[in-house]
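Q: got a predicted structure plus its sequence, pasted below:
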Amino acid sequence: MNMFKATTLSRILPALALMLVLVPPAFAAKDPIYTSLFSKNAAGGYDVTAYFTENKPVKGKKKFNTSYMGANWLFASQENLDLFLADPEKYAPQYGGYCAWAAAGGYTAKGDPKQWSLHDGKLYLNYDADIKRQWLDDKENLIVQADKNWPALLDN
């Protein structure tokens, strides 16, 4: 190999490697649990057990945390963390915390932990207050459709 090719390759290869790390391929699957771009906290850092025990969103604390399905989960107390650890599927939001209404429509959108509802012992998050109203108006049918669409939506 001549000197020009070796020098050029030594400059290009690190740049290509960096691009692969920083720019995910278009065909990459979505994370199974929705987290924001700048955080790996599920449910926006809210304690998902509190929706069931206190019937409201409660911010979690960093000292009460666990990792589940590639995301960080925060809880308001050790007791709530223990509840989650005993049965994470019971407390984790449906459709990975993505918007339930969007999942019914065949796509993903962020789920807002302040726009929530419980139905048949399951937690659902929605994009915003308007979408939540639409969700609540037809949740039975929307759940059937979202269940059909999930988890294949993660591959889109």
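A: Everything's here; your move. Worth saying up front: this structure is predicted, and the values here are computed from it rather than measured. Residues are numbered from 1 along each chain as shown.
Q: now do the helix or strand Y124 falls within: which elements does it pack against?
A: Applying DSSP states H and E as the criterion places Y124 in strand 122-126. In this structure, strand 122-126 makes packing contacts with helix 100-105, strand 112-119, helix 129-137, judged by 3 or more CB pairs under 8 Å, 6 or more residues apart in numbering; DSSP states H and E. Bear in mind the C-beta positions are built from the backbone N, C-alpha and C, glycine included.
Q: repeat that with 6 Å
A: Contact partners of strand 122-126 among helices and strands, from 3 or more CB pairs under 6 Å, 6 or more residues apart in numbering; DSSP states H and E: helix 100-105, strand 112-119.
Q: list of residues touching it?
A: Outside strand 122-126, the residues within contact range by CB atoms under 6 Å, 6 or more residues apart in numbering are 51, 93-94, 97, 99-101, 111, 115-117, 132, 135.
Q: could you redo the last one with a cut-off of 7 Å?
A: Under the criterion CB atoms under 7 Å, 6 or more residues apart in numbering, residues 48, 51, 91, 93-94, 97, 99-101, 111-113, 115-117, 132, 135 lie in contact with strand 122-126.
Q: next one: it to chain centre, how far?
A: 12 Å (CA atoms, centre = their mean, to the nearest Å).
Q: ok, stretch 118-137 next?
A: With CA atoms, centre = their mean, you get 15 Å for stretch 118-137.
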